[in-house]
Each structure stands twice: as structure tokens, then as C-alpha cells.
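Peer 1: generate coordinates for the sequence data below:
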Amino acid sequence: MTLVKYLAIPALVITVAAVYWFLTYEPAGSAMLLIFGIAMGIMGWSLVPTFGDVGPTAPVDPDWHERRG
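Peer 2: Residues are numbered from 1 along each chain as shown. Next up is the predicted model:
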């Protein structure tokens with residue numbers, strides 16, 4: 001997925017914060033929604049570019065069998 005798709009949810013949360021402010025004029029809820037939307041945007045902006053990175057993995061031992069029981 002592209003960065004724009006992952007940033008759509010934070011943009012929606014920020015839009016909800018703006019609508020909430022204009023409908024209620026309640027600062028605490030609006031601030032919490034706005035801060036949450038900004039935090040989601042920063043997290044998405046910083047983590048989405050690393051989604052394709054795969055680190056080294058351990059070799060697979062074909063003789064190992066998981067014990068069940």
C-alpha cells in the first residue's frame with residue numbers, strides 16, 4: 001500500500017476533530033482527537049517506508065520437528 005493510503009486514516013481523524021470542534025466547541029475532546037490524528041500521521045510517515053524491509057532470518061533446520069503433546 002502506498003503512503004497516501006496509510007495517511008488517510010489520520011487525515012480522517014483530524015477532519016473529525018475539526019467537525020467536532022465546530023459542532024461542540026469543546027476544547028479537550030477536539031485537542032485529543034487532533035493530537036491523536038497528528039501522532040498517527042507521524043507514525044505512518046516514519047514507519048510505512050520500512051514495510052518492505054526484511055531483516056536476516058535464521059536458517060531452517062530440516063531435521064527439527066516441533067514436539068506436540
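Peer 1: next one: phi and psi at the most far-flung residue of the chain relative to its centre?
Peer 2: Distance from the centre of the chain peaks at residue 63, with 39.2 Å (C-alpha atoms, centre = their mean). Residue 63 adopts backbone torsions of phi -90, psi -10, taken as degrees, to the nearest 10.
Peer 1: and the pLDDT for it?
Peer 2: As predicted, residue 63 sits at a pLDDT of 77.
Peer 1: swap in residue 1?
Peer 2: 58.
Peer 1: so what does the longest helix seen in the chain touch, helix or strand wise?
Peer 2: Longest helix in the chain, counting residues (DSSP state H): helix 27-47. With contacts defined as 3 or more C-beta pairs under 8 Å, 6 or more residues apart in numbering; DSSP states H and E, helix 27-47 has these neighbours: helix 3-6, helix 8-24. All C-beta spots, glycine's among them, are computed from the backbone N, C-alpha and C.
Peer 1: great, nothing more from me.
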